[in-house]
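Trainee: mind folding the following:
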Amino acid sequence: MPDPAQNVPKPPSGAVIVVGRILAPYGIRGWVHVAAFTDPKENLVAYRPWLLGDAAEERWQPVTVREIRPHGQGFVASLADVHDRAAAERLKGRLIGVPEAVLPEPEPDEYYWRELIGATVTGPEGVVLGRVESLLETGAHDVLVVRRQDGTELLIPFHDRYVLAVEEGVIRVDWPGEAD
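Mentor: Got it, this is the predicted structure:
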């Protein structure tokens, strides 16, 4: 179960999970364009409470969502105490976080991306291939971007054909050309 997608900073605290970003003002009455980092993107609508933060700070401010609706590839939202375009402009670029506790538990054999990023990747015999740096969404299935010790990347589909096990920060794979 992927969550926050491409180019999403890790949350400053394990207690807050980044689920979106405020992009720009929408109209003159304080509405904002919102990008969702959830999959499916509609999950953003159900998550509450929203917390606004910045990638560089560890402070999160609660904000009340008065209304949110689909618009183009994302959403537009009306937030409490944001009544004009100037106030909406000041929110541009802010991250939208939610307390980790409001996210549903993944199904068996499903994982949030945040659980996989940073994991050690090993071959079937335990030889370390690298660490998961990020994931790519390809449509067919997600792909682990594994950073090797020499700095090169290894791309491994997150598919049961290649991923043998995911346990406590270690992903064991059977990847052609990576003999142990």
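Trainee: contacts for the biggest helix by length in the chain next, please.
Mentor: Secondary structure of the chain per DSSP state H: the longest helix is helix 85-90. Applying Cβ atoms under 8 Å, 6 or more residues apart in numbering, the contact partners of helix 85-90 are 24, 25, 26, 27, 28, 29, 30, 31, 32, 81, 82. For every residue, glycine as well, the C-beta is placed using N, CA and C.
Trainee: if you set the cut-off to 7 Å instead, what comes out?
Mentor: Helix 85-90 is contacted by residues 25, 28, 30, 31, 32, 82 when judged by Cβ atoms under 7 Å, 6 or more residues apart in numbering.
Trainee: same question for stretch 122-137.
Mentor: So stretch 122-137 is contacted by 2, 5, 113, 116-121, 142-149, 154, 164, 170-174, 178, 180 (Cβ under 7 Å, 6+ apart).
Trainee: on that earlier part again, among the contacts of helix 85-90, who's most crowded?
Mentor: Scoring these on neighbours with other Cβ atoms under 10 Å, the highest-scoring entry is residue 32 at 25 neighbours.
Trainee: run through the neighbouring helices and strands of the helix or strand of the chain with the lowest mean pLDDT.
Mentor: Every helix and strand in the chain was compared by mean pLDDT, DSSP states H and E; the lowest is helix 113-116, with a mean of 88. When contacts are defined as 3 or more Cβ pairs under 7 Å, 6 or more residues apart in numbering; DSSP states H and E, helix 113-116 packs onto strand 128-137.
Trainee: all good on my end, thank you.
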